[in-house]
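**Student:** Pasting the sequence and the predicted coordinates here, then a few questions.
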Amino acid sequence: MILDYKRILWSLVVGFLVGAALTRWADVGGRHLSPVERERHMFEHVSAKLELTPGQQQSLQAILDEKRQKIDALRGEFRPRFEAIHQSMRTDIRRMLDAKQQARFDEMQKEWEARRKKHEREFGAPPMP
């Protein structure tokens, strides 16, 4: 069972690091971009850096649209599995805490959930970790 916890912890760490790196790449002018703004920024960046012709820009946009749909579908498939693992992790953590710690942990979870919902309202669905 320890191996499973190591895998979960490793996945969370890698997810955090990838998310942090992508967030830094996606931030423009010190502000966080919505998924639509992030995709638009990437399109403009790639178009300018590669000096794409209008025809190439149309092809790039078609590629981005197609892949976004596939990524969204994949995210939908994996989100329930991820949530189940995440809930199991929270349950296991809570089980090892004393009553006072459990109360604080419950408050922390409420704070995390509020931040997640705020992020979803402002920027759309959060990326998978």
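**Tutor:** Looks like it arrived, so ask away.

**Student:** Next, residue 97: phi, psi?
**Tutor:** Here is the backbone geometry of residue 97 (degrees, to the nearest 10): phi -90, psi 150.

**Student:** ok, how many other residues are close to the residue nearest to it when sequence neighbours are not counted?
**Tutor:** Spatially, and ignoring its direct neighbours in sequence, residue 97 is nearest to residue 105 (5.8 Å; Cβ to Cβ, 6 or more residues apart in numbering). To be clear about C-beta, it is placed using only N, CA and C from the backbone, and glycine gets the same treatment. Neighbour count for residue 105, taken as other Cβ atoms under 10 Å: 15.

**Student:** Please read off the pLDDT at residue 105 from the model.
**Tutor:** At residue 105, the pLDDT value in this model is 92.

**Student:** For it, pull up the helix or strand it's in.
**Tutor:** In the assignment (DSSP states H and E), residue 105 maps to helix 99-123.

**Student:** and that helix, what other elements does it pack with?
**Tutor:** In this structure, helix 99-123 packs against helix 54-95, with contacts taken as 3 or more Cβ pairs under 8 Å, 6 or more residues apart in numbering; DSSP states H and E.

**Student:** returning to what we had before: the residue nearest to residue 97 contacts residue 94, correct?
**Tutor:** Yes - between residue 105 and residue 94 there is a contact under Cβ atoms under 8 Å: 5.8 Å.

**Student:** what's residue 98 sitting at in phi/psi?
**Tutor:** Main-chain dihedrals, residue 98, degrees, to the nearest 10: phi -80, psi 180.

**Student:** Tell me where the model's unsure across the chain.
**Tutor:** 1-6, 9-10, 12-33, 123-129 (pLDDT under 70).

**Student:** now do 50
**Tutor:** 1, 26-27, 127-129 (pLDDT under 50).

**Student:** buried set for stretch 85-105?
**Tutor:** For stretch 85-105, the neighbour count (16 or more other Cβ atoms under 10 Å) marks no residue as buried.

**Student:** And the contacts of that stretch?
**Tutor:** Residues outside stretch 85-105 that contact it (Cβ atoms under 8 Å, 6 or more residues apart in numbering) are 8, 106, 109.
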